[in-house]
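K.L.:
Quick one, fold the following:
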Amino acid sequence: MIRIITLINNDNYISKKQKEVIEMKNFTFKAWAQAQCLKQAAKSKINEFFHDEQGDAGPIIIGVIIIVIAVGLAVIFRDQLAAWLNSLFGKANEGIEGAMDSASVQIHHPSSSH
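P.N.:
Residues are numbered from 1 along each chain as shown. Sure, this is the predicted structure:
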């Protein structure tokens, strides 16, 4: 890489087109090297994330316990919950039907009013 830089600075030995090609190769190499550094840093962070044991699992365990209790209660009181939901939806359905009946309007055609 040092040789490429010294050739670029010495205009007596290379043409303008050759100089552009060398600069492009130099730029490409630098971009590749930066990409490799970023790749290695990302790998390191991901590895650290999965192998780090400093985090507290307490909130996760509490959440799982709450979900297990809720599912257990739903299984135990399945019949009562089903009856309550059927009652609730039945009342809602009756309310909707009543609202539709009271809002119904007879439509008269102008030709039938004679």
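K.L.:
For residue 13, report the pLDDT, please.
P.N.:
You'll see residue 13 listed with a pLDDT of 68.
K.L.:
And residue 105, by the same measure?
P.N.:
On the pLDDT scale, residue 105 is placed at 49.
K.L.:
Let the chain start at 358 from now.
P.N.:
Will do, 358 is the new start, and the previous item becomes residue 462.
K.L.:
What are the boundaries of the helices in this structure?
P.N.:
Secondary structure of the chain (DSSP state H): helices located at 359-366, 373-408, 415-433, 435-460.
K.L.:
ok, of the ones you listed, where does mean pLDDT dip lowest?
P.N.:
Ranked by mean pLDDT, these end with helix 359-366 at the bottom, a mean of 53.
K.L.:
Distance check, the residue nearest the centre of the chain against residue 396.
P.N.:
The centre of the chain sits closest to residue 403, judged by CA atoms, centre = their mean, with a distance of 18.1 Å. Going from residue 403 to residue 396 by CB to CB, to the nearest Å gives 11 Å. Yep, even glycine has a C-beta here, placed from its N, CA and C like the rest.
K.L.:
cool, residue 383 as well?
P.N.:
Noted for residue 383: a distance of 20 Å to residue 396, by CB to CB.
K.L.:
who's more crowded, these two?
P.N.:
residue 383 (14 against 10; other CB atoms under 10 Å).
K.L.:
how does the protein divide into domains?
P.N.:
358-403, 416-459 (automatic domain parsing).
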